[in-house]
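return atomic coordinates for the entry below.
(one chain, ligands or ions: 2)
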Amino acid sequence: MSQMTSNTRLLDWVEEVRELCGPDDVVWCDGSQEQFDLLADKLVAAGTLKKLNPAKRPNSYWAHSDPRDVARVESRTYICSRLESDAGPTNNWRNPEEMRKHMTELYSGSMAGRTLYVVPFSMGPVGSPFSMIGVELTDSPYVVLSMSIMAAVGQAVLDELGDRGDFVPCLHSVGQPIKPGEQDVPWPCDPDETVIAHFPESREIWSYGSGYGGNALLGKKCLALRIASAVARDEGWLAEHMLILKLTSPRGEVHYVAGAFPSACGKTNLAMLVPAVGGWKVETVGDDIAWMRFGEDGRLWAVNPEAGFFGVAPGTSQRTNPNALKTLTKNVIFTNTALTHDDDVWWEGLTDEVPEGLTTWKGEAYDPASGPAAHPNARFTVSAAQAPQIAQEWQRPEGVPISAILFGGRRASLIPLVSEAHSWEHGVFLGSIVASETTAAAEGSVGNLRRDPFAMLPFCGYNMGDYFAHWLATGARADVSKLPRIYLVNWFRKGSDGSFLWPGFGDNARVLAWIVDRLEGRVGAVETPFGRTPKLADLNTDGLSIEPSALEELCSVDRRLLVSECESIEEHFSTFGDHLPKELAHQLDQLREQLLEVVD
Ligand code: OXD
Ligand code: MN
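Ligands and ions are numbered 1, 2, ... in the order given. Take a look at the predicted model:
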């Protein structure tokens, strides 16, 4: 298809990339089902996709990647700001001019023998004043299909862009040109040279060498988080790695909750939760990203800029996330799951029994001795619109007003099941110290902490210390009575025997219910060093078999463990040097004071 715009900036850029990368032809994506099906057929013929059994999973596909290209590569992800201090201590930095030079060499001729696809996309509903338009130029048809599910794509976006509208240029090449006479491979990539570069000042993304997930679907982590977070700092809003859910109480009260959790902490499960407590309802607005800004009413409103879910498949089951399974019944691209003998998908955790005759994610006959059947980072890509529990207002241009923000990590000890921050500043402190703990089984040592502030460690497009300051400034210019309340949650606390104290999943609704009771002013709380925790009688435990002592332990804070926690937080904070806001150092001092009281 020929070009469908007269936007000269876009036309000039496409021409420039065509000359640099040297594809055989250029195809503009119109967002039609017809074009989607045509590309899918092409990928089936090339061996990249396999069509799944239509009787079991209509219009769905299975892909398996090169084993060297299976996840986001944080070590090769760069923030190329002019000053290194603007990237900060948590990001890899490269001088923008040096990076451009290096990558221009990589891109030179990199699309030979391939087609260059022009994918205009909108993060957020087309036409919403809060949406951001990007254009991804890619030589991967698999990326085109995935982007078409994850964002609004095609002519409508170009129409919105118009002649002079601005967009974020997102250049992507898998980095494996096809030489004349050479046969293509099902999953081209160049892992040794992979680079994912962000230029926050000029708002550009350049990605080379990987065809997988966040490295290649550039609207998600690259645009909607890294670039958007830098834009949000400049423009006074928040671009966050957060789910958004709609919670309706048995009384009919509606509250929208946003939540930031590091990877592997059940964010998608929480966003799609089926409450274990009667009368409560959870609906999904988004499972990964929230853009939040103040509305005219002074409240903080959140938009999910994505149109689909790119979720981790392993561990998803009838018990952990029944809504996800219902969402995945048709129109899905699965990547790196296992394949069943009758052309359906399977992954560890889906069923207790491993089916006979599996093909692994590597395309080999399954042998339990040689590792899992599905890659641990196997993914589903599916439209959010077909999720049965999607909130009807999920694409409302102005978003939804947020009542509460959750921060959670995986902590076997110390951090209570739930605690409420005393203030916005205290909440920012709690967000800044989010961490996940490695387990003894995996690492041979307990208590190995990885701090992941606001779950944004891999996704903040500028200096994380300045990001903390931006959060504090956001609260400072708000009407305090209208700010969301902030909560720290921890579903992963363990007892002395090493088993989880809290059942998690649907039972996490009990914690959400307590939060609503707090928001509605119905219940009191107990003061702890991390904020206010529930009075045990206020937690709804109907139908939950948990010992009162376990519940008490879950909500308690072992002040002795605070000693090493404070040292660890100090060490974490020290990495930000003079970019650390004084307020956070002050919050740490206050935590320490509680410690002194105990030692005295
Ligand atoms: C994701 C992630 O893929 O956070 O959402 O890694
Ligand atoms: Mn994520």
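
in this structure, which helix or strand is least confident?
Across the helices and strands of the chain, mean pLDDT, DSSP states H and E gives its lowest value to helix 440-443, namely a mean of 42.

which is the next helix or strand following that helix?
strand 448-451 (DSSP states H and E).

now for Tyr462, how many residues are close by?
25 (other Cβ atoms under 10 Å). (C-beta placed from N, C-alpha, C; glycine too.)

which ones are touching the residue lying closest to it once chain neighbours are set aside?
In this structure, Tyr462 finds its nearest non-sequential neighbour in Ala230, 5.0 Å apart by Cβ to Cβ, 6 or more residues apart in numbering. Contacts for Ala230 (Cβ atoms under 8 Å, 6 or more residues apart in numbering) come out as Pro200, Arg203, Gly461, Tyr462.

filter those to the buried ones?
Buried members of these, counted by 16 or more other Cβ atoms under 10 Å: Pro200, Arg203, Gly461, Tyr462.

about what we covered before: roughly how far apart are the residue nearest to Tyr462 and Val70?
Distance, Ala230 to Val70, using Cβ to Cβ, to the nearest Å: 28 Å.

would you map the helices across the stretch 151-300 of the chain?
Secondary structure of the stretch 151-300 of the chain (DSSP state H, counting those that start in this stretch): helices located at 155-161, 213-216, 228-235, 267-271.

which outside residues touch the second one?
Spelled out, that is helix 213-216. Helix 213-216 has contacts (Cβ under 8 Å, 6+ apart) with 69, 71-73, 77, 138, 140, 143, 146, 172, 174, 194, 196, 207, 209-210, 220-222, 310, 335, 377, 379.

next: stretch 67-79.
Stretch 67-79 is contacted from outside by 86-87, 91-94, 99, 187, 189, 191, 194-198, 200, 209-215, 221, 226, 336, 362, 375, 377, 458, 461-462, using Cβ under 8 Å, 6+ apart.

residues near whatever residue of the stretch 301-450 of the chain ends up closest to ligand 1, how many?
Proximity to ligand 1, evaluated over the stretch 301-450 of the chain using Cβ to the nearest ligand atom, is greatest for Phe310 at 6.0 Å. When neighbours are counted by other Cβ under 10 Å, Phe310 registers 22.

now the closest residue to it other than its chain neighbours: phi and psi?
Leaving aside its chain neighbours, Phe310 sits nearest to Thr381 (5.3 Å; criterion: Cβ to Cβ, 6+ apart). Main-chain torsions, Thr381, degrees, to the nearest 10: phi -120, psi 120.

so Thr381 touches Ile149, yeah?
Yes - when contacts are counted by Cβ atoms under 8 Å, Thr381 is listed as touching Ile149 (5.1 Å).

where do the contact lists of these two overlap?
In contact with both Thr381 and Ile149: Gly308, Ile333, using Cβ under 8 Å, 6+ apart.

how far away is the residue of the stretch 51-200 of the chain found nearest ligand 1 from Asn448?
In the stretch 51-200 of the chain, the residue that lies nearest ligand 1 is Arg72 (5.9 Å; Cβ to the nearest ligand atom). Distance, Arg72 to Asn448, by Cβ to Cβ: 21 Å.

over to Pro388?
In terms of Cβ to Cβ, Pro388 sits 39 Å off from Asn448.

likewise for Val73?
Distance of Val73 to Asn448, given as Cβ to Cβ: 22 Å.

same question for Ile433.
Ile433 is 16 Å from Asn448, where distance means Cβ to Cβ.

who's more crowded, these two?
Neighbour totals were compared for Ile433 and Asn448, and Ile433 leads with 25 against 14 (other Cβ under 10 Å).

tell me the contacts of that one?
Ile433 touches Arg451, Pro453, Ile569, His572, counting by Cβ under 8 Å, 6+ apart.

cool, and Pro305?
Counting by Cβ under 8 Å, 6+ apart, Pro305 makes contact with Met123, Gly124, Ser131, Met132, Gly219, Ala224, Ala228, Gly286, Ile289, Trp291.

phi, psi of the residue most central in space within the chain?
Taking Cα atoms, centre = their mean, the centroid of the chain lies closest to Asp288, which sits 3.9 Å from it. Dihedral angles of Asp288 (phi, psi; degrees, to the nearest 10) stand at phi -140, psi -30.

my guess is it meets Ala307, correct?
No - with contacts counted by Cβ under 8 Å, Asp288 stays clear of Ala307, the gap being 11.6 Å.

what residues does this protein have near ligand 1?
Arg72, Gly214, Ser263, Asp288 (Cβ under 6 Å from any ligand atom).

recalculate using a threshold of 8 Å.
72, 213-214, 220-221, 241, 262-263, 267, 288, 310-312, 379, 455, 458-459 (Cβ under 8 Å from any ligand atom).

tell me which of those residues fall in strands.
Among the residues of the chain next to ligand 1, the members falling in strands are Phe310, Gly311, Val312, Arg379 (criterion: DSSP state E).

just the buried subset of the residues you listed, written out for ChimeraX, thanks.
A single ChimeraX command selects the buried members of these (16+ other Cβ under 10 Å):
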select :310,311,312,379
